[in-house]
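Engineer: one predicted model, sequence on top.
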Amino acid sequence: KTGCAGIRPLQDILTHDPYSPARTHQCAQAIEAELLLHGIHHGFYVLEPHMAVDTVPPLEVDNYARDPIDLDALHAKIATELEQGIIEELPAKPAHLTALFTKREADKIRPLKDYSAPRGGSVNDHADANKFTMMSLEDAYALMQPYRYMAKADVSDAFRTVGVHPKHRDLLTFKMRDPR
């Protein structure tokens, strides 16, 4: 019986010599796999699971200034995302409003949210960042071996494919005035 990606389920690991170094490593892999599966199914936490959303002080950060062309593209993108159900309009003002800004790329203008403001009191300052580490270029080179293939993909709006736990969605809000 195997678990996610060939990792044995935690209960199987603990029944045989749970304190050996090999078992400790297997336990860590199994716990990580179970946490990943839980997050995929229920949505990932922004804060540590034991922290309540109201532990983040209320904040409202003004949107950054934008070029009028960027603003038109931003309104169009938000309207499309509302229609597609990717984002939703809230019936009441939430306690946490992050800054919205745009990034110009060669063929489009991307809306971005700044969860790092205000410094010292932002969503990022309270977020559980210990669960994710970005692989460096050096790490990737170290994994390369002759006759092996590697690929890099830049998935547009990849962060939107990751569910957020319903209790933590209010931490990821922004404000946008309707131009009409």
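Structural biologist: On my side now, so go ahead.
Engineer: so where is the chain shaky, pLDDT-wise?
Structural biologist: Residue ranges of the chain with pLDDT under 70: 1-23, 128-135, 153-161, 177-180.
Engineer: now do the buried residues in the longest helix seen in it.
Structural biologist: In the chain, with assignment by DSSP state H, the single longest helix is helix 21-42. Using 16 or more other Cβ atoms under 10 Å as the burial criterion, the residues of helix 21-42 that qualify are R23, Q26, C27, Q29, A30, A33, G39. Quick note: C-beta positions are derived from backbone N, CA and C, even for glycine.
Engineer: show me the helices in the chain, by range?
Structural biologist: So, for the chain - with DSSP H - the helices run 10-14, 21-42, 68-84, 123-126, 137-143.
Engineer: please compute how far the fourth one lies from its chain's middle.
Structural biologist: When distances are taken as Cα atoms, centre = their mean, to the nearest Å, helix 123-126 is centred 13 Å away from the chain's centroid.
Engineer: what comes up buried for that helix?
Structural biologist: V123, H126.
Engineer: tell me the spacing between the residue nearest to D114 when sequence neighbours are not counted and I78.
Structural biologist: For D114, ignoring the flanking residues on the chain, the nearest one in space by Cβ to Cβ, 6 or more residues apart in numbering is A99 at 4.2 Å. Remark: distance between A99 and I78 (Cβ to Cβ, to the nearest Å) = 15 Å.
Engineer: tell me the contacts of the residue nearest to L172 when sequence neighbours are not counted?
Structural biologist: Of all residues not flanking L172 in the chain, V164 sits nearest, at 6.3 Å (Cβ to Cβ, 6+ apart). Residues counted as contacts of V164 (Cβ atoms under 8 Å, 6 or more residues apart in numbering) are G43, F44, V46, L172.
Engineer: which of the residues you listed count as buried?
Structural biologist: The neighbour count (16+ other Cβ under 10 Å) marks G43, F44, V46, L172 as buried among the contacts of V164.
Engineer: and which of those is nearest R66?
Structural biologist: L172 (20.1 Å; Cβ to Cβ).
Engineer: how much space separates the closest one from S122?
Structural biologist: L172 is 12 Å from S122, by Cβ to Cβ.
Engineer: where do the contact lists of the two overlap?
Structural biologist: The overlap between the contact sets of L172 and S122 (Cβ under 8 Å, 6+ apart) consists of T98, Y115.
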